[in-house]
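[1] I'll drop the sequence and a predicted model, then ask my questions.
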Number of protein chains: 2
Amino acid sequence: MKAVGVIGGGQLGKMLTLKAKEMGFKVIALDKDPSCPVSSICDELIIGSLYDTEKLHELAKKSEVVTYEIEHTNTEVLRHLEKIGTKILPSPALLELVNDKLQQKSHLIKYGIPTSKLVREVTKTDSIEYKSRMKELPPFPFVQKARKGGYDGKGVAVIKSEKDVDKILETDSFFEEFVEIEKEISVLVARDIKGNIVSYPVVEMVFDARSNILDMLISPARIPEDTSQKAISIAYDVINSFVSSNLKAVGVFAVEMFITKSGDILVNEIAPRVHNSGHHTIESCLTSQFEQHLRAITGLPLGSTKQHTPAVMINLLGEPGYTGKPVITGLEEVLKMEGAHLHWYGKSTTAPFRKMGHITIIDEDLNSAIQKAKILRERVKIISENT
Amino acid sequence: MKAVGVIGGGQLGKMLTLKAKEMGFKVIALDKDPSCPVSSICDELIIGSLYDTEKLHELAKKSEVVTYEIEHTNTEVLRHLEKIGTKILPSPALLELVNDKLQQKSHLIKYGIPTSKLVREVTKTDSIEYKSRMKELPPFPFVQKARKGGYDGKGVAVIKSEKDVDKILETDSFFEEFVEIEKEISVLVARDIKGNIVSYPVVEMVFDARSNILDMLISPARIPEDTSQKAISIAYDVINSFVSSNLKAVGVFAVEMFITKSGDILVNEIAPRVHNSGHHTIESCLTSQFEQHLRAITGLPLGSTKQHTPAVMINLLGEPGYTGKPVITGLEEVLKMEGAHLHWYGKSTTAPFRKMGHITIIDEDLNSAIQKAKILRERVKIISENT
């Protein structure tokens, strides 16, 4: 069986590895933390920075196909490795495009994919000038997005009025139109080496207001069928736009979208990898996003994306005020609930809002799953040992 | 999270470990083969015989609870370890009882649990005398079962007429009544530390005529509802009989039964562990047998055993005539089938009829799943590299 190289050893890498081991693949991972979630289950952990040239070369050498569970890696090295024959999927050029949110946005606009309007590009110098009011701001409200390095709401500033101006991020970025969001949704799509594309049912994402991290995921999304069809069609357009740009779009992609108050669907962001909005597929779909990604990048046929049971997923975030060795409270009661499944990532320390695990609830009745999830969220807390 | 010690590093241990890692447990395994299926995913593999006193002590020392994925271990050492404080579940005394098929049968008879009639006990000396006709045989047909060490049909001889007499096993054993089997079924039950018992839907087992290994498992079994209820009730009786005998019956148990041509349900054999007849629970039930076993032995509440989708499981057995590094043929076509899932155990060599992996197919329509499984069985072959 093939050896799959994974850049990053976090929870996405762990779930990918669990599935890979089930299917009989070998997994070589790269992460700087020797006790990262993947560490105890991969065949080999290369310890080093995800930007380290030598370590990336070592990973490539040991793997028959390389993929990533996080975008923050050295795409320049990956481009070189690809050139000298390493199979890296999705391709480094695609990752590079997506990693720069301005390039990503320009790409979407170029291919006529609906997204909020780009107001203007902002350099770091510009941003400092905007913040100190040396430069005239666009009319309120607007949104600023850092070009690079953002995740889980980091790298985004919503500037609604004068009093938000000090939130302006001092970095290379851009301003985009502010849209009134009715609902946030995500469409997971997968494309195989032969060019077949499949989509999972649209999911609905509810964010934690404090941390801006995905709090509850509801699948299928509670939206009209035609909205859902439209969202899936946009996600296909996104993948096809990569193909049109000669970017090797093979693997699982998450296309995050807004449904606006005025009923438009706008693409917010694309993740060229397995994604938090697809965790529920493990228990509720015929093929999990992790198996799907492995099938795609190893040249196997894609599996069915059919969802057999409605599902709700909640992230278990580190409770604010607690740092250190994690302790879950309220777990027993939770595991009594029909259809509740614990995923515990095995991180050695908890921190405020850190993703420590998740619970998926599957239930024939989606509303009942949502009710259970709400109870869970109240009862399960991740605190630390010494408090 | 707790460290779970697992005696045995085969496929059952591997699937148990994958689930344990998902839930955040640590796993320490004991196996004599450094490249056993568990080896690449457990936190630590202690390499040694499952009968080795020192190694079992080491495993006990490193684990908060010890369990086993195979019956063939040193129960004397386990009894001692239990006495000095190691939590071993199910208890070594229970394992010892089950391991001796004559004791197991006597236990069933004592508790009024239906099983085929015990004809007589046979010592090794007796068996040799029976085989050489120095001793008068019971009337044909009858079945001989070895008291110890049997698995996958080994240790069982069916003596239908004079010409089968040379099949008599020269070992401590017993003769039991031969019954005409209509169907073989299995009931998986789980009992937690507090004494709660749950059962999975009854499954139907179809055996490979050549190897006597489980070939196809069908869940739910195609039997009338009252037969199913009766079988489940018998499985509960089995667990309760252990409790009545002061044996710590905590964990998952497989109770294999015959439905006879005359419509009786007889207990054939009990496995005090996760079992081949429960593999389909991974994809088709709210809680897999592996998660259930872990919940039970770590003191967590049991999960729901509800089956959300009908399932068929086929074992991938090494093709006769092939030995060496395994190769799967026909896989691609199989993975195109909706609801088909590959489990590849990662054994380094294949041998005739060796269990190399399995495929589970889930499908809303059980007959359609069976049809798919039949096609799969024809197309997927496990051969070896150098032939």
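    Nice, I can see it.

[2] now the strands for the stretch 251-387 of chain A?
    A:251-260, A:265-271, A:311-317, A:326-329, A:340-344, A:355-362, A:381-384 (DSSP state E, counting those that start in this stretch).

[3] which strands and helices sit next to the last one?
    So that's strand A:381-384. strand A:326-329 (3 or more Cβ pairs under 8 Å, 6 or more residues apart in numbering or on different chains; DSSP states H and E). To be clear about C-beta, it is placed using only N, CA and C from the backbone, and glycine gets the same treatment.

[4] now do the fifth one
    Contact analysis of strand A:340-344 by 3+ Cβ pairs under 8 Å, 6+ apart lists helix A:281-284, helix A:331-335, strand A:355-362, helix B:11-23 as its packing neighbours.

[5] what residues does the stretch 1-150 of chain A have near chain B?
    A:1, A:14-15, A:18, A:21-24, A:26, A:40-41, A:43 (Cβ under 8 Å from any Cβ of the partner chain).

[6] should've said the stretch 201-350 of chain A
    A:286-287, A:291, A:295, A:300-301, A:303-304, A:306, A:308-309, A:331-332, A:335-336, A:338-346.

[7] just the element for A:Val27, please.
    Assigned by DSSP states H and E, A:Val27 falls within strand A:26-31.

[8] can you tell me what sits against that strand?
    A:1-10, A:13, A:16-17, A:20-21, A:36, A:38-39, A:41-48, A:50, A:55-56, A:59, A:62-63, B:40 (Cβ atoms under 8 Å, 6 or more residues apart in numbering or on different chains).

[9] partners of the very next helix or strand once past it in the sheet?
    Moving toward the C-terminus from strand A:26-31, the next helix or strand (DSSP H and E) is strand A:44-47. Paired neighbours of strand A:44-47 in the sheet (DSSP bridges): strand A:26-31 (parallel).

[10] ok and the residue in the stretch 101-250 of chain A nearest chain B?
    Proximity of the stretch 101-250 of chain A to chain B (Cβ to the nearest Cβ) peaks at A:Asn196, 10.3 Å away.

[11] wait, what's in contact with that residue?
    A:301-302.

[12] now do 6 Å
    Contact partners of A:Asn196, counting by Cβ atoms under 6 Å, 6 or more residues apart in numbering or on different chains, are A:Leu302.

[13] ok, the one 5 residues further on next?
    By Cβ under 6 Å, 6+ apart, the residues touching A:Pro201 are A:220, A:307.

[14] reformat the strands of the stretch 251-387 of chain A as TSV; add mean pLDDT.
    Output for the strands of the stretch 251-387 of chain A, formatted as TSV (pLDDT from 0 to 100):
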stretch	mean pLDDT
strand A:251-260	98
strand A:265-271	97
strand A:311-317	96
strand A:326-329	95
strand A:340-344	96
strand A:355-362	96
strand A:381-384	96
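
[15] from those, which stretch is densest packed?
    Of these, the one with the most neighbours on average (mean count of other Cβ atoms under 10 Å in any protein chain shown) is strand A:311-317, at a mean of 26.

[16] tell me which residue is most central in chain A.
    A:His275 (3.6 Å; Cα atoms, centre = their mean).

[17] quick one on the thing from earlier: measure the residue of the stretch 101-250 of chain A closest to chain B to A:Glu64 for me?
    21 Å (Cβ to Cβ, to the nearest Å).

[18] ditto for A:Ala231
    When A:Ala231 is compared with A:Glu64 (using Cβ to Cβ), they lie 34 Å apart.

[19] which of the two has more neighbours?
    Neighbour comparison, A:Ala231 and A:Glu64: the larger count goes to A:Ala231, with 23 against 18 (by other Cβ atoms under 10 Å in any protein chain shown).

[20] helix, strand or coil for that one?
    helix (DSSP: H, G, I helix; E, B strand; the rest coil).

[21] give me the nearest residue to A:Leu108, chain neighbours excluded.
    A:Thr115 (4.5 Å; Cβ to Cβ, 6 or more residues apart in numbering or on different chains).

[22] many thanks, we can stop here.
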